[in-house]
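Asker: Let me see the structure of the following:
(one chain, ligands or ions: 2)
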Amino acid sequence: MLQIYRVLGRHGFRDSFFPLAFRSSAALRGFSAAIFSPPVSSVKLTAEQVKGPVHLQSVIIVPQATAFPNAMTSATAVLDKRIGFLGSGQMAEALARGLIKRGLVTAERIACNDPNPVRKELFKSFGAMPYDSNVDVARNADVLFVAVKPQHVAQVLTEVRSVLTETHTVVSIAAGITVEKLVEAAGPDAHVVRVMPNTPCLVGETAAAMCLGGKATPEDEALVRTIFEAVGKIYTVDEKLLAAVTGLSGSGPAYVFMMVEALADGGVRAGLPRDIAQALAAQTVLGSAKMVLETGTHPGALKDMVTSPAGTTIAGVHELEKAGVRAAFMSAVVAATERANQLSKM
Ligand SMILES: NC(=O)C1=CN([C@@H]2O[C@H](COP(=O)(O)OP(=O)(O)OC[C@H]3O[C@@H](n4cnc5c(N)ncnc54)[C@H](O)[C@@H]3O)[C@@H](O)[C@H]2O)C=CC1
Ligand SMILES: O=C(O)[C@@H]1CCC=N1
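Answerer: Residues are numbered from 1 along each chain as shown. Ligands and ions are numbered 1, 2, ... in the order given. You can find the predicted model right below:
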C-alpha cells in the first residue's frame, strides 16, 4: 500500500501529503522546516495531492514567516529558479506581481527587460531586476517568459537564441504564436512551453492553459504548472485548442470587466451610490463564479435557484434574453478565437 506522510503546515502553510517514495528522495532536499507526522496511509488523496511531489521537484519549502514576512497570502513553496521577462508590459507585470505576492519567488530573482524605460522603472519599483538587454535577462533566468506582442516574438527569441541552454525553460505567452514558430526562432534544442494565461494572475486567480514544444520535458511542464498554480489554475491542452482558450479565458477578463461595469451602471441608474454599486457587482460575479466551481452544479440550475416565479430575477433575465446576451458572449469568444487563429497564420 502507498504510504503517505503528512508534512504539517507551519507559519501559514497548508498541510501537504507525500507518498513514501518522496520521503527520502532528492525531491525533499531542503525540507528542513517541515515536520513529518507518522505515516497516515489511510488518508484519501485527491489526484492533485498525489501529483504534488512531482511539482515540487524544483522547490524548497521554508516557513513563510522566515522567507516572506510581508507576503500577502500564504505560499506553499519557494521556487528554486530565476524568472526572466522579455518584455515588461501588462501581462508580465500581472504575472510578476502575482508570483511575488503569492511568495513563489522573491522579487530580486525576477529579471526583466523592455525598451520602454518607464516599464523597467516600474518593475524596479517592486524589487525586480531590470537589465539592459534581452540577452542579459536570458543569462540571468532559468524560466524565460516571452511577454512581448506576438509580432515581436521571433525577433526577441532570435536575439537570445545563442545564450539559451538546456537548463532554460522558454515560456511564450504570446497569442497565436505556434510552438513551431517558437522553436524555429529559439532553436531546435530549446525547451519551449506555450501558455495562454490571463491577467487575474495578479490576484492569484488566473485561468491558463499550456502545451509543450521543442525539447520540452515533463519536468518543464511540471515547472510551468508549479508557477501557474501559485497564481491560479492551468490545464495542459492540445495546441489546436489554445486559440479557443485565448478567446475564452485569455481575453475573457475584458468581457467580465465590461459586465461588472455595466452591472454597476445599472445599480447607479437604479439609485445606488457608485462605490456600493461597483462593490456589489464585483462581489456578485465573484460569489457566482465560486458557486459554479465549488458546487459543481450546472450554471443553468444555479440560475433557476435565483429565479422565483413571477419574481424580480426572471424580469431581469427576460431583458437579457431579449438583448441576446448569451449569443453576444458566445460570439465574443468565437470572434476572439478566430482572431487568435489569424495571428498564428501571420
Ligand atoms: N494582456 C493580456 O491580458 C494578455 C496578453 N497575452 C500576451 O502577452 C503578450 C504581452 O501582452 P501585453 O502585456 O498585453 O502587452 P504590452 O504591450 O503591455 O507589453 C509588451 C511589452 O513588450 C515590450 N517590448 C517591445 N519590444 C520589445 C523587445 N524587443 N524586447 C523586450 N521588450 C519589448 C513593450 O515595450 C511592452 O512593454 C502578448 O503577446 C499577448 O498576446 C496573453 C494573455 C493575456
Ligand atoms: O488581446 C490580446 O491580443 C491579448 C491576448 C489575450 C488577451 N489579450
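
Asker: Point out the residues in the protein that sit beside ligand 2.
Answerer: 175, 246, 250, 251 (C-beta under 6 Å from any ligand atom). Where C-beta positions appear, they are placed from N, C-alpha and C, glycine not excepted.

Asker: ok, which pair from those is furthest apart?
Answerer: Pairwise distances across those (C-beta to C-beta) peak at 8.5 Å, for the pair 175 and 251.

Asker: Now the closest residue to ligand 1 within the stretch 51-200 of the chain: phi and psi?
Answerer: Among the residues of the stretch 51-200 of the chain, residue 89 lies closest to ligand 1, at 1.7 Å counting by C-beta to the nearest ligand atom. Phi and psi for residue 89, reported as degrees, to the nearest 10, are phi -90, psi -150.

Asker: and it, what does it touch?
Answerer: By C-beta atoms under 8 Å, 6 or more residues apart in numbering, the contact list for residue 89 reads 114, 119, 147, 148, 149.

Asker: Show me which of these are buried.
Answerer: Neighbour counting with 16 or more other C-beta atoms under 10 Å marks 114, 119, 147, 148 as buried within these.

Asker: Restricted to helices, list these.
Answerer: Residues of the buried ones among the contacts of residue 89 located in helices (DSSP state H): residue 119.

Asker: now, which of the buried ones among the contacts of residue 89 lie close to ligand 1?
Answerer: Filtering those for proximity to ligand 1 by C-beta under 6 Å from any ligand atom leaves 114, 119, 147, 148.

Asker: shaky segments in the stretch 151-300 of the chain?
Answerer: Residue ranges of the stretch 151-300 of the chain with pLDDT under 70: none are present.

Asker: Please enumerate the strands of it.
Answerer: 169-172, 191-196, 206-214, 232-236 (DSSP state E, counting those that start in this stretch).

Asker: So which of the ones you listed is the most surrounded?
Answerer: Stretch with highest mean neighbour count among the strands of the stretch 151-300 of the chain: strand 169-172 (a mean of 28; mean count of other C-beta atoms under 10 Å).

Asker: Given that strand, what are its sheet partners and their directions?
Answerer: strand 143-146 (parallel), strand 191-196 (parallel) (DSSP bridges).

Asker: what's the average pLDDT for the shortest one?
Answerer: Summarised as a single mean, pLDDT over strand 143-146 is 98.

Asker: is any part of it close to ligand 1?
Answerer: No - figure legend: strand 143-146 not in contact with ligand 1 (C-beta under 6 Å from any ligand atom); closest approach 7.7 Å.

Asker: Pull out the buried residues from that strand.
Answerer: Buried residues in strand 143-146, counted by 16+ other C-beta under 10 Å: 143, 144, 145, 146.

Asker: Skipping adjacent residues, who's closest to residue 272 in space?
Answerer: Residue nearest to residue 272 in three dimensions, not counting chain neighbours: residue 280, with 7.3 Å by C-beta to C-beta, 6 or more residues apart in numbering.

Asker: what's around that neighbour, how many residues?
Answerer: 15 (other C-beta atoms under 10 Å).

Asker: can you check the one 10 residues further on too?
Answerer: The tally of other residues near residue 290 (other C-beta under 10 Å) stands at 10.

Asker: From ligand 1, how far off is it?
Answerer: 22 Å (C-beta to the nearest ligand atom, to the nearest Å).

Asker: I'd like the distance between that residue and residue 144.
Answerer: According to C-beta to C-beta, to the nearest Å, residue 290 stands 34 Å off from residue 144.

Asker: Now the element after the helix or strand hosting residue 301, going C-ward?
Answerer: Following DSSP states H and E, the helix or strand that holds residue 301 is helix 299-306. Later in the chain than helix 299-306, the nearest helix or strand by DSSP H and E is helix 312-322.

Asker: and that following helix, what other elements does it pack with?
Answerer: For helix 312-322, there is no helix or strand it packs on, judged by 3 or more C-beta pairs under 8 Å, 6 or more residues apart in numbering; DSSP states H and E.

Asker: Give me the buried positions along the helix or strand just after it.
Answerer: As assigned by DSSP H and E, the chain's next helix or strand after helix 312-322 is helix 325-345. Within helix 325-345, the residues that count as buried by 16+ other C-beta under 10 Å are 332, 333, 336, 337, 340, 341, 343, 344.

Asker: Measure how helix 325-345 sits relative to strand 191-196, angle-wise.
Answerer: 150 degrees (axes from the mean of the first three to the mean of the last three C-alpha atoms, to 10 degrees).

Asker: how far does helix 325-345 sit from the chain's center?
Answerer: Distance of helix 325-345 from its chain centroid, counting by C-alpha atoms, centre = their mean, to the nearest Å, is 21 Å.

Asker: Against residue 324, how distant is the residue of the stretch 51-200 of the chain closest to ligand 1?
Answerer: Residue 89 sits at a distance of 34 Å from residue 324 (criterion: C-beta to C-beta).

Asker: wait, what's in contact with the residue of the stretch 201-346 of the chain found nearest ligand 2?
Answerer: Residue of the stretch 201-346 of the chain nearest ligand 2, by C-beta to the nearest ligand atom: residue 250 (3.5 Å). Neighbour list for residue 250: 175, 196, 197, 198, 336, 340 [criterion: C-beta under 8 Å, 6+ apart].

Asker: Which members of the residues you listed additionally contact ligand 1?
Answerer: Restricting the contacts of residue 250 to those adjacent to ligand 1 (criterion: C-beta under 6 Å from any ligand atom) gives 175, 196, 197, 198.
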